[in-house]
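K.L.:
sharing a sequence plus its predicted fold:
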Amino acid sequence: MGDFFTLVDWAVEDAGFWGRLIGVVAVWAVPITVWVSVVGLFSIWLERKVSAHIQCRLGPMEVGPHGALQTLADGIKLLAKEDIIPQGADRFLFALAPILSFVGSFVVFAVVPFGPHLIIADLNLGIYFLAAIGSIEAIGVIAAGWASNNKWSVFGAVRAATQVVSYEIPLSLSLVTIACLAGTLSTIGIVESQAGWIWNWFLFRNPFMVISFLIFYIASLAECKRAPFDLPEAESELVSGFHTEYSGMRFAIFFLAEYAAMYVVSAMGAVLFLGGWYTGIEPLDSWLTTSPVLGNVVGALAIITKAFFLVFVQMWLRWTLPRIRLDQMMYLCFKVLVPVGMVVFMAAAFWQGVFGAPDLGGLGSKFGLAWFVVVVVGTTLWVKKTIRRTKGYASANFLEHQARLGHDVGVS
Amino acid sequence: MNEHTGIAVALVLAGVIAGGMVWLASILGKKNPTPGKLAPFECGNEPIALPTGRLAIKFYMTAILFILFDVELVFLYPWAVLYRDLGVLGLTEMFIFLGVLLVGFVYAWDNGALEWK
Amino acid sequence: MEFETIVFYALAVATVIPAFGVMMAKDIVRVAFWLLASLSGVAGLFIMLDADFLGVTQVLVYIGGILVLILFGIMMTHRDPVLVSADDDRRRSPFTGLLVSLMTFGALMGVILGTGWNVSGGLANGKLSGEPTAAPLGKALLTDYVLPFEIVSVLLLVVLCGAAYIARRGKDEEASNA
């Protein structure tokens, strides 16, 4: 594994069972636990700030600078809350459900590389494992809904399970496309085959990968039950869906699991499509690989930045888009994403076969730069056009709204 | 094996953390259960039992479809890993595999198996 | 004791005890969750046998797919989903159960005894090799076993057609009722 895990390798080889266990816990488990907690707390804070600013509010401001410690305070408050298990609930399953949910999103952290050596488990089957573990969360959600002895919970749970298992298919289709380009399932291997300039990233590797990335992103939104796919916890129809009966710490664990899952799918998006720990500047990357410490630090910064950018987009979408209906959700999955995903998969495989991969030489390497330019220019033009089209409308609306507010206050 | 140990440790750890947090909360929190508090939430009404056999068959159909595509994808993963070595032969074999499935997909679509009604 | 041996026995216990739970539990939903534990244990055992691809497939297909299907099936057919236990229906004869389990046992023993086990790899020498298994599996599928591989797609096609048939029948009935 390399330098970072020398300590573990030593513990594993020479120290017997207990030494091995302690080594594993000290070097792998403690940092990852701290990291998951920090990511969870930070993401929750970020969501509150993002939603606030989108709605012209400030959000939490009192606890810590800009309310940064608000989530921690809330967590401590939740610890002191009464532990309520509703009457008639299946107590065992009720207790098991949040734990299953949390395990489902926590374990995925094990296969996310934060740097060339910063990974808990570089499985040969990294992304296949990712696809498999997603389904554990569906089971946790069903357990929660079923055990609660509440109809809103059951409806929410069934919706959630249907959604999670359905969107696993487009998600897996884009994972397979990546595996086909990289020739490996290991997350480390996938990042390594995106080395070099930014157009070597899988997002720009061939014309179809942008579509594949969109499929991955939409499917991962649905897997996390994020808006516009938040039908399992639709407040206006299902009270709070599968966790209606959960309160206090048990609810907090569902909440933490959701935010950890948001972060981890975004980090996987960065690993699969956006070059993982690479900065995309070829000379810088090759210089960084000469120094293990610096390489890992800069790599971790790069991947965390990319992941939090994707998390931010998730939040942006949540506070922008309305919730979709159940039939629209199924339509999107089975009639749009699955067929498109299959075609993209076949087309990407075909492209790879004809033009070859950049790291194997061939025409593919010359294509990357051109396609990168097309994608960047196209996106910029589209964003500019959208801003131009909506700017006047939005500001006019806002002014009108302000004026009406002022008027109302004046009258009363 | 190191890799699998890592996964196992992460699994156990996640369970311990989540379980520990719940346990801690149940110790620290006060206990004051009242019948109203313990009743399942029903928008303030008296809770009524769930209707029998109320889960529509369409959810079951979705699960069947999922398993189907899932099994298909299981075969795609090893192929994808090998694709670079196999070349044209592998591509042909996979296109036949997917082509047969595509026929079924079109048939199911045509028959409304993918409709949500 | 070797680390691997301890893990093996832990996994064996984690497989067998929930399997008893599946038999003994009265609440049918609890049965499904005992099954979850048992299937996870089997996945762990596959990984211990150096068959990591199979282990993850076990999680993906059985826990993620079949178990969700079972739970949906339970929810679909249950009389009273929350407070039911199975002890009101005692009319099934134990003789049928015995017969079925004996037949299953016989079939399983036939397969187990008839298989030439590769005892050189995996736990037989105390250590796992950790070799990747996805690529050799793919190689075998696409070269030696290419015909079964393509036939699998036909099998999946048949399942899809079956699903389409059920869906259509449901719609026709709805139409005739309306």
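P.N.:
Nice, I can see it.
K.L.:
use CA for all of it now, contacts and neighbours both
P.N.:
Fine.
K.L.:
center of the chain - which residue?
P.N.:
I'll assume chain A. Chain A has A:Val265 as the residue nearest its centroid, 2.5 Å off, counting by CA atoms, centre = their mean.
K.L.:
looking at chain C here, not the other one
P.N.:
C:Tyr62 (5.2 Å).
K.L.:
run the chain-centre distance for the worst-scoring helix or strand of chain C on mean pLDDT.
P.N.:
Considering only helices and strands, the least confidently modelled element of chain C by mean pLDDT, DSSP states H and E is helix C:146-177, at a mean of 76. Centroid separation for helix C:146-177 versus its chain: 22 Å, with CA atoms, centre = their mean, to the nearest Å.
K.L.:
quick check: closest non-adjacent residue to A:Tyr217.
P.N.:
Using CA to CA, 6 or more residues apart in numbering or on different chains and skipping residues adjacent in sequence, the residue nearest A:Tyr217 is A:Gly269, 7.4 Å away.
K.L.:
in three-state terms, how would that neighbour be classified?
P.N.:
Three-state call for A:Gly269 (DSSP: H, G, I helix; E, B strand; the rest coil): helix.
K.L.:
for it, give me its contacts.
P.N.:
For A:Gly269, the contact set (CA atoms under 8 Å, 6 or more residues apart in numbering or on different chains) comprises A:Phe213, A:Phe216, A:Tyr217, A:Ala307, A:Leu310.
K.L.:
in strands only, show me these.
P.N.:
Applying DSSP state E to the contacts of A:Gly269, no entry is found in strands.
K.L.:
ok, so of those, who is nearest B:Phe66?
P.N.:
Within the contacts of A:Gly269, distances to B:Phe66 taken as CA to CA reach their minimum at A:Phe216, with 16.9 Å.
K.L.:
ok, residue 49 - how many residues close by?
P.N.:
In the absence of a named chain, chain A is used. 20 (other CA atoms under 10 Å in any protein chain shown).
K.L.:
that's the wrong chain, I meant chain C
P.N.:
For C:Leu49, the tally of surrounding residues (other CA under 10 Å) stands at 20.
K.L.:
is the least confident helix or strand in chain B by mean pLDDT in proximity to chain A?
P.N.:
Comparing every helix and strand of chain B by mean pLDDT, DSSP H and E singles out helix B:35-38 as the least confident one, with a mean of 71. Yes. Using CA under 8 Å from any CA of the partner chain, helix B:35-38 reaches chain A at B:Lys37, B:Leu38.
K.L.:
and the next helix or strand along the chain from that helix, which residues are buried?
P.N.:
Of the helices and strands lying after helix B:35-38 in sequence (DSSP states H and E), the nearest is helix B:57-86. The neighbour-count criterion (16 or more other CA atoms under 10 Å in any protein chain shown) identifies B:57-84, B:86 as the buried residues of helix B:57-86.
K.L.:
of those residues, which ones also sit close to chain A?
P.N.:
Here is what survives when these are matched to chain A using CA under 8 Å from any CA: B:59, B:62-63, B:66, B:69-70, B:73, B:76-77, B:79-84.
K.L.:
from these, which is closest to A:Ile139?
P.N.:
A:Ile139 has its nearest neighbour among these in B:Ala63, at 12.8 Å by CA to CA.
K.L.:
dump the residue contacts of that closest one.
P.N.:
When contacts are counted by CA under 8 Å, 6+ apart, B:Ala63 touches A:Thr162, A:Val165, A:Ser166, C:Gly65, C:Val68, C:Leu69.
K.L.:
equivalent analysis for A:Val39, please.
P.N.:
With contact taken as CA under 8 Å, 6+ apart, A:Val39 is in contact with A:Ala260, A:Tyr263.
K.L.:
same question, A:Trp371
P.N.:
If you count contacts by CA under 8 Å, 6+ apart, A:Trp371 has them with A:Trp199, A:Phe204, A:Asn206, A:Pro207.
K.L.:
what's the nearest residue to the residue nearest to the centre of chain C if we skip its chain neighbours?
P.N.:
Distance criterion CA to CA, 6+ apart; nearest residue to C:Tyr62, sequence neighbours excluded, is C:Leu39 at 7.3 Å.
K.L.:
name the element the one you found belongs to?
P.N.:
C:Leu39 belongs to helix C:28-48 when assigned by DSSP H and E.
K.L.:
so which elements touch that helix?
P.N.:
Counting by 3 or more CA pairs under 8 Å, 6 or more residues apart in numbering or on different chains; DSSP states H and E, the packing neighbours recorded for helix C:28-48 are helix C:3-24, helix C:52-57, helix C:67-77.
K.L.:
need the winner for burial among the ones you listed.
P.N.:
Of all those, helix C:52-57 has the most neighbours on average by mean count of other CA atoms under 10 Å in any protein chain shown, namely a mean of 23.
K.L.:
show me the contacts of A:Trp371 that map onto strands.
P.N.:
Nothing among the contacts of A:Trp371 maps onto strands, per DSSP E.
K.L.:
put the buried members of those residues into a PyMOL selection.
P.N.:
Here the buried members of these are turned into a PyMOL selection, burial being counted by 16+ other CA under 10 Å:
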select buried, chain A and resi 199+204+206+207
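K.L.:
which of the contacts of A:Trp371 has the weakest pLDDT?
P.N.:
Within the contacts of A:Trp371, A:Trp199 has the lowest pLDDT, namely 77.
K.L.:
show me the chain divided up by domain.
P.N.:
All of this refers to chain A. By the record's domain assignment, chain A is partitioned as A:81-361, A:368-412 (automatic domain parsing).
K.L.:
chain C, not that one
P.N.:
In the domain annotation for chain C, the residue ranges read C:1-86+C:124-130, C:145-178 (automatic domain parsing).
K.L.:
least confident of those domains, on average?
P.N.:
domain C:145-178 (a mean of 76).
K.L.:
hmm, that domain in reach of chain B?
P.N.:
Yes. With CA under 8 Å from any CA as the criterion, chain B is reached by domain C:145-178 at C:146, C:149-150, C:153-154, C:156-161, C:163-168.
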